[in-house]
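# Sharing a model prediction with you, sequence too.
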There are 2 protein chains.
Amino acid sequence: MKVVIVGAGFGGLRLARKLNNKPGFEVVLVDRFNYHQFQPLFYQVATAGLDASNISFPLRKVFQKSKNVKIRLAELKQVIPEQSKIITDKEEINYDALVLATGADTNFFGNTQIAGHAFPMKSTVEALQLRYQLLQNFETALTVTDPIVLQRLMNIVVVGGGPTGVEVSGALAEMKKYVLPKDYPELDFSAMNIYLLEGAGKTLAAMSEKSSKQSQKYLEKLGVKVMTNSLVKGYDGNSVLLNNGEQISTSTMIWAAGVKGNIPNGVDKGLIARGNRITTDRYCRVSGYNNIYVIGDLAYMETPKYKTGHPQVAPVAMQQADLLAGNFKLIERKSNPDTHYEFEYKDKGSMATVGRNLAVVDIPKPKLHFGGFIAWMIWMGLHLMLILGVKNRFFVFSNWLYNYFTYDQNLRLIFRQFDKSEKK
Amino acid sequence: MKVVIVGAGFGGLRLARKLNNKPGFEVVLVDRFNYHQFQPLFYQVATAGLDASNISFPLRKVFQKSKNVKIRLAELKQVIPEQSKIITDKEEINYDALVLATGADTNFFGNTQIAGHAFPMKSTVEALQLRYQLLQNFETALTVTDPIVLQRLMNIVVVGGGPTGVEVSGALAEMKKYVLPKDYPELDFSAMNIYLLEGAGKTLAAMSEKSSKQSQKYLEKLGVKVMTNSLVKGYDGNSVLLNNGEQISTSTMIWAAGVKGNIPNGVDKGLIARGNRITTDRYCRVSGYNNIYVIGDLAYMETPKYKTGHPQVAPVAMQQADLLAGNFKLIERKSNPDTHYEFEYKDKGSMATVGRNLAVVDIPKPKLHFGGFIAWMIWMGLHLMLILGVKNRFFVFSNWLYNYFTYDQNLRLIFRQFDKSEKK
């Protein structure tokens, strides 16, 4: 059985590993990048706390000893279900089963003005670009004389009060507090404002009431200006326009306000559901096709417990990968379809970190909530466990230890390219 | 006394540190990058053995506690000696003394065809670009059917048998031996050729006869095809044309065949000497100006011992920085110019590494030569000592330990940007 998996995120990579060296399976794993990206820590790459390589794991390293997994660094261009094949920018690949695990990208909700100026944070490269922008702003600020331009360079607006928005705001606030005044003694950081805008009435709206309240309290303690019930209408690169007409001047708007599924060409448009996701049955199978599956952030599956789809988080993707691995083995053994597993998400909890010693953790069964230092320790331990590779784990841990004891994010490096023609 | 230093390489950074918090001095350090680059290890970044951040040290970190050193991330556009000021892309800066430490860049000897297609390795960013190209070649090779194109992707040509060329050839040969066959089991690496082309009759021509011979022996042991007395005439991105008419097919030609000084605009063209360097007197002072100095790779100084200028290596730059720091203090104290120090280079030796346990070291006084494992240990110890910052040292050492024991260069990551417009 030839399984083609598109996307090496939490879902796709997990499935490939589960099928690795399993008799009867031939696997092709297709991704645009040659590494697995550990999304939960993008914000630490953006705020110079971690190296991009610390949270990126080379795919070929994972499958070095594999006899049945091939990796293709390519971009999916088209699915042709009638011929059971996909077309990438490099070649055509036939499949017996196709698993779409292309995840989700930033959703600008059709606002091209915002899309053209905001900084998203949905890939390692985007996180690096945000880092370069943040650092470059302060460098530029040193020689700026116009106070309006100066204020614009000093302000940062984060849009979206979910985990990503909360985490990046907190990390920025800590940079402002511990690092930036030492790096730029010529600048007055009391004039620097970090705004967190959230459309709903509270931060971390998907978590418990306690976590929402605590996260806002922590953020405000760190000096973040949390503005709930605030919707962004426009952004021209200089000024954020809110729905109520208010404006906030900034050169840097970070957009963490929503995601939408990366739907490949060739999938029936009628199957597209809320959040630009593809509707599947309880077997992660795309309705109308008997050999195309979707897992992770791209999948939209309704169950009695999750009537409007599952949360777009790593554990869902990983559990769906496990389900598919099991079902594929049953299919390979030609078992009765009645014996196939139906997906049921086991929610083990959720968490978010705001800053040093400040995090929130909700566990559903038994219903528990942790805040502060304990939550922060849980958050760190769990993330270290989830990171792929002993070496990456070691380097992330070393960086965290270093940052913790020195109050310093040490990777303030702008690796940008110079225009060679200009130099000559 | 206001000292403006352009360039934060080994010379410029050292001088700024020597003048740091010294009474009577105000220092402005100008660089295009916000970090100091540890050039001797670029080749390990290119061959995925080290992270770019491991050998890059944020300048603002060095001077966090400084009362008199300002850093400007800017590009020097013009020197105006008559007004004692420089113009950068950001602002104008006046000086009492100007120190040009802009170093040297790759010299393509006027061959624009080569310049347009070859990979230089004179900055961290260039080293990263080379890394991406090397990895991308093998990814592309997987789906190539034309045997001619395949061979071109598998071949690598390194031009220049100096330390950089020798070191990168050796590292590539080790990748070929230990890493690539495991990463790309679908490719036949016995068909991969690494050529090292050197115009002179031997590799490491500036070192001792023993070192030259040993380095060539080590390279050949690792499978590098060393071709001495070979001059490159042209390269169109597909095929290297040699002076004798021979051609070598390759998509990747690494150019380490020469450097030329980065001469700023505004310096009298009559002062330009061999290697595009600026002629100075024994006080590192540019002839004809009494307050402009040049140190490091950009400086051309004749002494009885070095009749055609000094070697363009870090120790010269650092010793010249020390000299200037001393003389500036004398100038500040208004000492008699007769008491100023004249530069005399103390050569403590030179070294190059070819691969694991394979290096060569020459020490002039007492005249000593080391090869193999001992030389390799000396090389590593010295480079670790020279790297700035405890954290970088720790991470470089950890990476080296990891690479040594696992026979693996783990940073095979392509952080390239995708064209967003294409994606939509």
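Yes, it's here.

# Run through the residues of the stretch 151-300 of chain A sitting next to chain B.
Applying C-beta under 8 Å from any C-beta of the partner chain, one finds that the stretch 151-300 of chain A approaches chain B through A:182-184, A:186. Every residue, glycine included, has its C-beta placed from N, CA and C.

# hmm, try it at 7 Å
The stretch 151-300 of chain A has residues A:182-183 near chain B, with proximity defined as C-beta under 7 Å from any C-beta of the partner chain.

# Now A:Ile5, what are its backbone angles?
Note on A:Ile5: backbone dihedrals following degrees, to the nearest 10 are phi -110, psi 130.

# And for A:Asp51?
Phi and psi for A:Asp51, reported as degrees, to the nearest 10, are phi -80, psi 150.

# is it true that it touches B:Ser53?
Yes - using C-beta atoms under 7 Å, A:Asp51 makes contact with B:Ser53 at a distance of 5.1 Å.

# which residues do these two both contact?
With contacts defined as C-beta atoms under 7 Å, 6 or more residues apart in numbering or on different chains, the residues adjacent to both A:Asp51 and B:Ser53 are A:Leu411.

# those strands in the stretch 1-150 of chain A, which residues are they?
A:2-6, A:26-31, A:35-37, A:56-58, A:69-73, A:76-80, A:85-88, A:92-94, A:97-100, A:104-106 (DSSP state E, counting those that start in this stretch).

# I'd guessed A:Gln37 sits against A:Ser56; true?
Yes - if you go by C-beta under 7 Å, A:Gln37 and A:Ser56 touch, sitting 5.9 Å apart.

# Mind listing the shared neighbours of those two?
By C-beta under 7 Å, 6+ apart, A:Gln37 and A:Ser56 have these common neighbours: A:Thr124.

# Domains of chain A: list them as residue ranges, please.
Following automatic domain parsing, one finds the domains of chain A at A:2-106+A:259-339, A:112-257.

# Kindly reformat those as JSON lines containing mean neighbour count, mean pLDDT and distance to B:Gln319.
Putting the domains of chain A into JSON lines (neighbours: other C-beta atoms under 10 Å in any protein chain shown; pLDDT from 0 to 100; distance: least, C-beta to C-beta, whole Å) gives the following:
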{"stretch": "domain A:2-106+A:259-339", "mean neighbour count": "20", "mean pLDDT": "96", "distance to B:Gln319": "33"}
{"stretch": "domain A:112-257", "mean neighbour count": "19", "mean pLDDT": "96", "distance to B:Gln319": "30"}
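
# To A:Val361, which of those domains lies closest?
domain A:112-257 (7.8 Å; C-beta to C-beta).

# ok now that closest one, how far from the chain's centre?
Offset of domain A:112-257 from its chain centre (C-alpha atoms, centre = their mean, to the nearest Å): 17 Å.

# Helix, strand, or coil at A:Phe394?
Judged by DSSP: H, G, I helix; E, B strand; the rest coil, the three-state class of A:Phe394 is helix.

# Could you find the closest non-adjacent residue to it?
In space, and not counting its chain neighbours, A:Phe394 is closest to B:Ser398: 7.3 Å by C-beta to C-beta, 6 or more residues apart in numbering or on different chains.

# and if you look at A:Phe108?
Closest to A:Phe108 by C-beta to C-beta, 6+ apart is A:Ala115, at 4.0 Å.

# What of A:Pro181?
Closest residue in space to A:Pro181, ignoring its immediate chain neighbours: A:Phe189 at 4.9 Å, by C-beta to C-beta, 6+ apart.

# wait, isn't the one you found in contact with A:Lys182?
No - contact criterion C-beta under 7 Å: A:Phe189 and A:Lys182 do not qualify, at 10.0 Å.

# thinking again about what came up before, I'd like the domains of chain A written out as CSV, with distance to B:Ile86 added.
Listed next are these as CSV, based on distance: least, C-beta to C-beta, whole Å:
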stretch, distance to B:Ile86
domain A:2-106+A:259-339, 29
domain A:112-257, 13
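
# Look through the stretch 251-400 of chain A and state the residue closest to chain B.
A:Lys391 (5.8 Å; C-beta to the nearest C-beta).

# OK, contacts around that residue?
Counted by C-beta under 7 Å, 6+ apart, A:Lys391 has contacts B:402, B:410.

# which SSE is A:Val361 in?
strand A:358-363 (DSSP states H and E).

# quick one: average confidence on that strand?
Averaging pLDDT along strand A:358-363 gives 96.

# what about the helices in the stretch 251-400 of chain A?
A:314-332, A:372-386, A:390-406 (DSSP state H, counting those that start in this stretch).

# Out of the domains of chain A, which gets nearest to B:Gly11?
Using C-beta to C-beta, the domains of chain A put domain A:112-257 closest to B:Gly11, at 22.4 Å.

# Just the terminal-to-terminal distance for that closest one.
15 Å (C-alpha to C-alpha, to the nearest Å).

# With stretch A:23-38 instead?
End-to-end distance for stretch A:23-38, by C-alpha to C-alpha: 29 Å.

# Distance from it to the middle of the chain?
That offset, for stretch A:23-38, works out to 18 Å (C-alpha atoms, centre = their mean).

# now stretch A:265-279
21 Å.

# Strands along the stretch 151-300 of chain A, start to end?
A:156-159, A:194-197, A:225-227, A:232-235, A:239-242, A:247-249, A:252-255, A:259-261, A:272-273, A:277-279, A:292-294, A:299-300.

# how about the ones you listed, which one is nearest B:Val313?
Nearest to B:Val313, of all those, is strand A:252-255, at 41.1 Å by C-beta to C-beta.

# name the helices or strands packed onto that closest one?
helix A:124-141, strand A:156-159 (3 or more C-beta pairs under 7 Å, 6 or more residues apart in numbering or on different chains; DSSP states H and E).

# What residues does A:Tyr132 make contact with?
Per C-beta under 7 Å, 6+ apart, neighbours of A:Tyr132: A:414, A:416.

# ok, it to B:Val28 distance?
23 Å (C-beta to C-beta, to the nearest Å).

# returning to that earlier point: would you turn the strands of the stretch 151-300 of chain A into CSV with distance to B:Phe405?
CSV is the format used below for these (distance: least, C-beta to C-beta, whole Å):
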stretch, distance to B:Phe405
strand A:156-159, 42
strand A:194-197, 43
strand A:225-227, 48
strand A:232-235, 50
strand A:239-242, 51
strand A:247-249, 52
strand A:252-255, 40
strand A:259-261, 41
strand A:272-273, 50
strand A:277-279, 45
strand A:292-294, 40
strand A:299-300, 41
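
# Sweet, I'm off.
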